[in-house]
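**Student:** Provide a 3D model corresponding to the input given below.
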Amino acid sequence: MPGHIPNVVDGYRILHYKNLPFILQNGIYCPASNVKDTNYINIGKKDIINKRETKLIEIHPFGRIHDYVSFYFGPKSPMLYSIYKENSDTNCSQADIIYIVTSISTIIEKKIDFVFTTGQAIMQLSTQHNSLAELSKIDWDIIAAKFWFDRPPEYVDRVRKRMAELLIYEYLPINCILGIGVMNEKILDIVRKMVLDQRLDIPVKKVLNWYY
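**Tutor:** As a prediction, the model looks like this:
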């Protein structure tokens with residue numbers, strides 16, 4: 001695949017900012033966990049969520065996608081674009097969406113199992129891997145590109161590749177959260193207060209270029 005593997009391979013998870021207090025108290029549990037946020041605001045499309053419930057992970061540590069906490073390898077995902085264009089199953093705007101950032105090196109340091117995929121995890125063309133040596137199979141040029149839309153015949157399969165996933169097995173502890181990104185000053189103030197209320201030292205920054 002074209003493109004060099006970044007020196008630091010980060011993972012970016014998007015969620016509604018109102019889901020953050022539960023995470024700051026408990027960490028991030030996979031969808032299949034019995035630990036639930038009863039006030040959780042879902043931002044995904046229901047048909048895709050249903051497919052993820054049954055899609056098998058066929059390499060160690062196995063299970064299904066819903067046994068994992070999912071991250072993308074870059075910001076400005078097609079999923080966020082759907083929210084921006086109001087094509088999602090939620091009424092929130094992209095200003096309500098925040099990023100939680102981790103990294104593969106942090107996950108390895110904490111001895112947490114993970115799998116990554118070369119595209120959206122439910123797609124047949126996306127392969128599954130658990131070895132750092134296979135990070136070269138991800139199309140890093142597409143991950144970093146400003147434009148990723150499929151425009152046949154010149155540009156095909158870019159949307160799927162842009163949605164390559166880092167899947168963290170079962171649970172991501174709070175000490176693996178390296179930072180939080182937000183779109184505007186209003187949410188910046190709200191999120192910083194949430195972090196301070198839990199007496200945590202997690203950087204919160206406005207990163208407008210992560211949004212559409």
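**Student:** residue contacts, Val8?
**Tutor:** Contacts were defined as CB atoms under 8 Å, 6 or more residues apart in numbering; by that measure Val8 touches Ser103, Ser105. Every C-beta, even on glycine, is put in place using the N, C-alpha and C of the backbone.
**Student:** model confidence for it, exactly?
**Tutor:** Taken from the predicted model, the pLDDT recorded for Val8 is 95.
**Student:** quick check, it in a helix?
**Tutor:** No. The assignment for Val8 (DSSP: H, G, I helix; E, B strand; the rest coil) gives coil, which keeps it out of a helix.
**Student:** so where do the helices sit in the protein?
**Tutor:** Counting by DSSP state H, one finds helices in the chain at the ranges 20-26, 46-54, 78-84, 104-109, 140-144, 158-162, 185-197.
**Student:** give me the nearest residue to Lys18, chain neighbours excluded.
**Tutor:** Leaving out its chain neighbours, the residue that sits closest to Lys18 by CB to CB, 6 or more residues apart in numbering is Ile41, at 5.5 Å.
**Student:** against Leu24, how distant is that neighbour?
**Tutor:** Counting by CB to CB, to the nearest Å, the separation of Ile41 from Leu24 is 15 Å.
**Student:** okay, those two: which has more neighbours?
**Tutor:** When Ile41 and Leu24 are compared for neighbours, Leu24 comes out ahead with 19 against 14, by other CB atoms under 10 Å.
**Student:** surely that one and Met194 touch.
**Tutor:** Yes. Between Leu24 and Met194 there is a contact at 6.2 Å, judged by CB atoms under 8 Å.
**Student:** what residue ranges in this structure score low on pLDDT?
**Tutor:** Residues of the chain that meet the criterion pLDDT under 70 lie in 1-2.
**Student:** tell me where the chain has strands.
**Tutor:** With DSSP state E as the criterion, the chain has strands at 10-16, 28-29, 68-72, 97-103, 114-117, 128-129, 165-169, 171-172, 179-182, 204-206.
**Student:** quick one: closest of those to Ser136.
**Tutor:** Minimum separation from Ser136 across the strands of the chain (CB to CB) falls at strand 128-129, 9.9 Å.
**Student:** for that closest one, name the packing helices and strands.
**Tutor:** With contacts defined as 3 or more CB pairs under 8 Å, 6 or more residues apart in numbering; DSSP states H and E, the packing partners of strand 128-129 are strand 114-117.
**Student:** tell me the strands beside the strand it packs on, with direction?
**Tutor:** Partners of strand 114-117 in the sheet, by DSSP bridges, are strand 128-129 (antiparallel), strand 165-169 (antiparallel).
**Student:** switch those strands over to JSON lines; also include distance to Lys76.
**Tutor:** Rendered in JSON lines, the data for the strands paired with strand 114-117 read as follows (distance: least, CB to CB, whole Å):
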{"stretch": "strand 128-129", "distance to Lys76": "23"}
{"stretch": "strand 165-169", "distance to Lys76": "15"}
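**Student:** which of the ones you listed is buried the deepest?
**Tutor:** Burial of the strands paired with strand 114-117 is given as mean neighbour count (mean count of other CB atoms under 10 Å); strand 165-169 ranks first at a mean of 23.
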